[in-house]
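Asker: no sequence for this one, just the structure:
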């Protein structure tokens, strides 16, 4: 009787193992990890393309009246009132040695922040938002002038456009 029970028990265990093996999923099947990606807001300055990481963007507003601040550095375009908060506006063109142009109807201010620091970036046009795999981000070109190169953390190529990726922290450091 004892042998009969143990052989019956062995059959039950064998069936349970077969059921596990026949299950839909292979226990050892490898799932490829999804590649990490970042989202960027792409904008234009003069005839060049730049991007800023979307997690650093607070909002994008139309470039209205910017109040000039006397005796401010060349890269400070002035200040704007953003719903009761005063936001300084940074003109990136002097930082990248780009020609100055009067703002057009397409001009925007991209409000960025990192920690407690914030500023608005005056740009000629906001073009699009893109999602970019981290593996597609390359180091910045060495041909970028040194004074502007310090504000670039990398670059990528999208649709035949070379996009320089702005380091928000470096921009805010310069302002502090």
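Answerer: On my side now, so go ahead. Values in this document were obtained by computation on a predicted structure and should not be read as measured data. Residues are numbered from 1 along each chain as shown.
Asker: alpha carbons only for contacts and neighbour counts from here, please
Answerer: OK.
Asker: mind checking pLDDT for residue 16?
Answerer: If you check residue 16, the pLDDT there is 67.
Asker: which stretches of this protein form helices?
Answerer: Under the criterion DSSP state H, the chain contains helices at 2-22, 92-95, 146-149, 168-175.
Asker: report all helices and strands that the second one contacts.
Answerer: On a contact count with 3 or more CA pairs under 8 Å, 6 or more residues apart in numbering; DSSP states H and E, helix 92-95 meets strand 117-123.
Asker: starting at the chain centroid, how far to the strand it packs on?
Answerer: Taking the mean of its C-alpha atoms, strand 117-123 sits 15 Å from the chain's own mean (CA atoms, centre = their mean, to the nearest Å).
Asker: please name the residues that touch residue 125.
Answerer: Counting by CA atoms under 8 Å, 6 or more residues apart in numbering, residue 125 touches 43-45, 106-108.
Asker: give me the pLDDT for the spatially most central residue of the chain.
Answerer: Ranked by distance to the mean C-alpha position of the chain (CA atoms, centre = their mean), the top residue is residue 53 at 2.0 Å. At residue 53 the predicted local confidence, pLDDT, stands at 94.
Asker: so how far is residue 72 from it?
Answerer: With the distance defined as CA to CA, to the nearest Å, residue 53 ends up 27 Å from residue 72.
Asker: if we can go back for a sec, return the distance of the residue nearest to the centre of the chain relative to residue 132.
Answerer: Counting by CA to CA, the separation of residue 53 from residue 132 is 10 Å.
Asker: shared neighbours, those two?
Answerer: Residues touching both residue 53 and residue 132 (CA under 8 Å, 6+ apart): 38-40.
Asker: buried subset of those residues?
Answerer: Of the members of these, the ones counted as buried by neighbours, 16 or more other CA atoms under 10 Å, are 39-40.
Asker: right, and out of the shared contacts of residue 53 and residue 132, which lies closest to residue 151?
Answerer: Within the shared contacts of residue 53 and residue 132, the smallest distance to residue 151 is 15.7 Å, found for residue 40 (CA to CA).
Asker: pretty sure that closest one contacts residue 52?
Answerer: Yes. Counting by CA atoms under 8 Å, residue 40 sits close enough to residue 52 to count as a contact (5.3 Å).
Asker: returning to what we had before: ok, the residue nearest to the centre of the chain touching residue 110?
Answerer: No. With contacts defined as CA under 8 Å, residue 53 does not count as touching residue 110, sitting 11.3 Å away.
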